[in-house]
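Visitor: here's my sequence, what's the structure:
(one chain, ligands or ions: 1)
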Amino acid sequence: MKLATLHTARGPRVVAMTDDDRHVDLNLVDSSLPTSLRALLALEGGLTRAAAALANAPDEAVAEGKLLAPIPDPGKVICIGLNYRDHAEETNSPIPSEPVVFGKFGNTIRGPEATVTLPAVSEQVDYEAELVVVIGRTGKNVAEADAMNHVAGYMNGNDVSARDWQKGRPGEQWLLGKTPDGFAPTGPFLLSADEAGDPHDWPVKLELNGRTMQDGSTADFLFTLPQIVAHLTKIMTLEPGDLIFTGTPAGVGAARKPPAWITDGSETAVTIGPLGTLRTRFVAE
Ligand SMILES: NC(=O)N[C@@H](O)C(=O)O
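Guide: Got it, this is the predicted structure:
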């Protein structure tokens with residue numbers, strides 16, 4: 001199932017996208033279903049009931065509106081860094097012995113087709129195509145063997161980064177470079193895990209203004225999704241609606257000569273496996 005959040009005349013609604021790109025308002029079909037995708041994921045059997053609603057949807061349940069981020073209000077936005085050898089090498093970073101972890105806040109979340117304002121204080125805004133994992137079940141101390149049972153589905157993501165606020169900062173902290181408003185676009189939809197299958201061999205592609213800049217594969221992960229989920233849950237409880245950005249392959253703007261920064265009027269397009277395309281426009285502040 002392709003699930004998304006649509007801003008309709010009735011407010012935000014969870015919709016299922018049909019193969020001909022119509023949006024079925026699941027709450028209109030089954031009014032006991034929550035209107036938030038995060039709440040639907042937290043509901044025991046929520047995805048099964050959503051599938052039943054989609055299967056029984058009358059034509060009147062088709063809704064019009066603007067797509068928002070599939071999960072507009074994630075509890076946590078966790079990011080894995082240096083999870084591709086070629087990206088670690090192009091940034092002269094050591095190959096990590098365990099997952100490198102950092103985070104983003106809710107202010108960074110944007111949907112497909114969003115316009116992101118570039119912070120006036122940065123001259124080095126960069127793109128990073130990433131597979132985003134959406135957690136569907138609460139878990140702490142999750143074993144690798146059980147980890148994929150905690151995954152609800154997948155989305156395209158762009159870990160937009162202000163390099164001049166990420167590198168060379170006191171305490172080697174990346175946070176300010178990773179958390180300007182809008183620096184975590186996701187979408188256009190969440191593909192449920194049952195339909196997605198195994199995501200460990202998906203192409204990861206990013207175009208900047210129509211030019212291919214990244215063309216990698218999740219087959220090159222240094223740490224697999226089960227390893228990442230097991231590692232994170234040693235420390236924290238993961239909950240339905242939490243997002244995990246799983247790292248970016250080589251080809252980022254900072255590693256190019258000359259560097260290829262995102263500037264006023266730029267557009268990025270992220271396409272990962274069967275997840276559609278996430279387009280983002282950027283304008284100057
Ligand atoms: N360089 C950098 O920030 N990289 C990370 O975000 C990553 O995805 O590897």
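
Visitor: please name the residues that touch the closest residue to the ligand within the stretch 1-150 of the chain.
Guide: In the stretch 1-150 of the chain, the residue that lies nearest the ligand is residue 81 (3.8 Å; C-beta to the nearest ligand atom). Just so you know, the C-beta spots here come from the backbone N, C-alpha and C atoms, and that holds for glycine as well. Residue 81 makes contact with 96, 100, 101, 102, 174, 247 under the criterion C-beta atoms under 8 Å, 6 or more residues apart in numbering.

Visitor: next one: phi and psi at it?
Guide: Dihedral pair for residue 81: phi -110, psi 160, per degrees, to the nearest 10.

Visitor: who's it bridged to?
Guide: residue 100 (DSSP bridges).

Visitor: same check, this time on residue 185
Guide: Residue 185 has these beta-bridge partners by DSSP bridges: residue 110.

Visitor: do the same with residue 2
Guide: Applying DSSP bridges, one finds that residue 2 bridges with residue 191.

Visitor: would you mind measuring from it to residue 245?
Guide: Applying C-beta to C-beta, to the nearest Å, the value for residue 2 to residue 245 is 20 Å.

Visitor: ok, those two, which is more surrounded?
Guide: Neighbour count, other C-beta atoms under 10 Å: between residue 2 and residue 245, residue 245 has more, with 26 against 23.

Visitor: shouldn't that one be in contact with residue 130?
Guide: Yes: contact criterion C-beta atoms under 8 Å: residue 245 and residue 130 qualify, at 4.6 Å.

Visitor: common neighbours of those two, please.
Guide: By C-beta under 8 Å, 6+ apart, the residues touching both residue 245 and residue 130 are 79, 157, 159.

Visitor: between those, which is closest to residue 219?
Guide: Nearest to residue 219 among the shared contacts of residue 245 and residue 130, counting by C-beta to C-beta, is residue 157 at 18.1 Å.

Visitor: so what's the closest one up against?
Guide: Applying C-beta under 8 Å, 6+ apart, the residues contacting residue 157 are 129, 130, 131, 132, 184, 185, 186, 243, 245, 270, 278.

Visitor: now do the end-to-end distance for stretch 22-41.
Guide: Stretch 22-41 has an end-to-end distance of 21 Å (criterion: C-alpha to C-alpha, to the nearest Å).

Visitor: again but with stretch 70-87, I slipped
Guide: Stretch 70-87: ends 27 Å apart by C-alpha to C-alpha.

Visitor: just to revisit the earlier point, most neighbours of all the contacts of residue 81, which one?
Guide: Busiest of those [other C-beta under 10 Å] is residue 247, holding 28 neighbours.

Visitor: ramachandran coordinates for that residue?
Guide: Torsion angles, degrees, to the nearest 10, at residue 247: phi 100, psi 160.

Visitor: go ahead and confirm it touches residue 86.
Guide: No: applying C-beta under 8 Å, one finds residue 247 not in contact with residue 86, separated by 11.0 Å.

Visitor: how near is residue 12 to residue 50?
Guide: On the measure of C-beta to C-beta, residue 12 and residue 50 end up 15 Å apart.

Visitor: residues of the protein that sit close to the ligand?
Guide: 81, 82, 83, 87, 91, 128, 159, 161, 247, 248 (C-beta under 6 Å from any ligand atom).

Visitor: reformat those as a markdown table; add pLDDT.
Guide: Listed next are these as a markdown table, based on pLDDT from 0 to 100:
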| residue | pLDDT |
| --- | --- |
| 81 | 98 |
| 82 | 98 |
| 83 | 98 |
| 87 | 98 |
| 91 | 96 |
| 128 | 98 |
| 159 | 98 |
| 161 | 98 |
| 247 | 98 |
| 248 | 98 |
